[in-house]
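# Got a predicted structure plus its sequence, pasted below:
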Amino acid sequence: MSRFRHAVKGRDQHIFTLRAACVVLLILLMTALGGWMRAPEKLTIHNPPDLRKGSTRPWWEIPPPTVYGFTYYIFQQLNAWPKNGKVDYPARIQSLSSYLTPQCKAFLEEDAKQRGEKNELTDRVRVVYEIPGRGYDTNSVKVVDRDNWVVKLDLVADEYYLTEPVKRVTVRYPIRVVRWDGDSETNPFGMALDCYDGIPQRLSAAPELPKHTNKGMF
């Protein structure tokens with residue numbers, strides 16, 4: 001009888017062990033399912049422009065050339081007033097608000113208001129572009145930390161009153177940029193401008209604007 005008792009006891013212990021293992025596996029499965037459900041559906045990977053040498057980096061790292069390209073594009077769009085600065089400037093701020101921090105948006109809106117009250121925007125046409133030969137280099141982007149950068153933009157700013165050229169200056173704009181993982185539908189870049197990191201500096205004299213003539217289009 002003792003031998004049969006030991007056999008039954010061993011069977012019961014084995015069944016208990018299997019049940020405990022099933023419970024552990026069920027807990028691990030529920031944990032895995034919970035982690036899978038909380039995982040992001042989309043993951044943005046920032047690749048440098050030149051991949052000929054390959055690239056190995058953490059997925060959350062944004063390369064400085066990408067930061068520079070984003071900053072230049074958004075800042076250029078902010079300063080593109082094709083018809084009338086009094087209308088175009090506030091409209092640009094609103095349309096690009098997804099790429100601006102709330103503080104920067106408020107700053108630009110106040111700037112547009114003050115300049116509008118001084119009649120500095122009415123019928124003003126403006127465009128900015130890179131100074132030839134002063135595009136991106138290794139000193140163009142200062143990495144403050146993983147989520148903050150300061151970008152140096154050396155640009156030419158041309159302004160016209162209606163069709164009359166009135167100003168051409170070359171300026172260095174120091175722009176703060178922050179990581180902005182908000183709505184990926186309206187801001188797929190995951191970055192935002194945080195306005196100026198200091199006072200823009202005027203550079204050497206710019207080439208003169210072409211003199212206005214009335215000789216027609218050609």
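Looks like it came in fine.
# For the rest of this, base every contact and every neighbour count on C-alpha atoms.
Will do.
# mind checking how far the lowest-mean-pLDDT helix or strand in the chain is from the chain centre?
Lowest by mean pLDDT, DSSP states H and E among the helices and strands of the chain is helix 2-38, with a mean of 76. Counting by C-alpha atoms, centre = their mean, to the nearest Å, helix 2-38 is centred 51 Å from the centre of its parent chain.
# who are the neighbours of it, in terms of helices and strands?
Helix 2-38 sits against no helix or strand, with contacts defined as 3 or more C-alpha pairs under 8 Å, 6 or more residues apart in numbering; DSSP states H and E.
# residues of that helix that come out buried?
For helix 2-38, the neighbour count (16 or more other C-alpha atoms under 10 Å) marks no residue as buried.
# dump the residue contacts of the residue nearest the centre of the chain.
By C-alpha atoms, centre = their mean, the chain has its centre lying nearest to Met191, at 2.4 Å. Going by C-alpha atoms under 8 Å, 6 or more residues apart in numbering, Met191 touches Tyr99, Val177, Val178, Arg179, Trp180, Asp181.
# Out of those residues, which sit inside helices?
Judged by DSSP state H, those include no members of helices.
# Tell me where this protein has helices.
2-38, 64-78, 85-95, 102-117.
# Those into TSV, with extra columns for distance to Ile131?
Shown next, in TSV, are these (distance: least, C-alpha to C-alpha, whole Å):
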stretch	distance to Ile131
helix 2-38	46
helix 64-78	12
helix 85-95	22
helix 102-117	24
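# looking at those, which is closest to Leu155?
Minimum separation from Leu155 across the helices of the chain (C-alpha to C-alpha) falls at helix 64-78, 9.3 Å.
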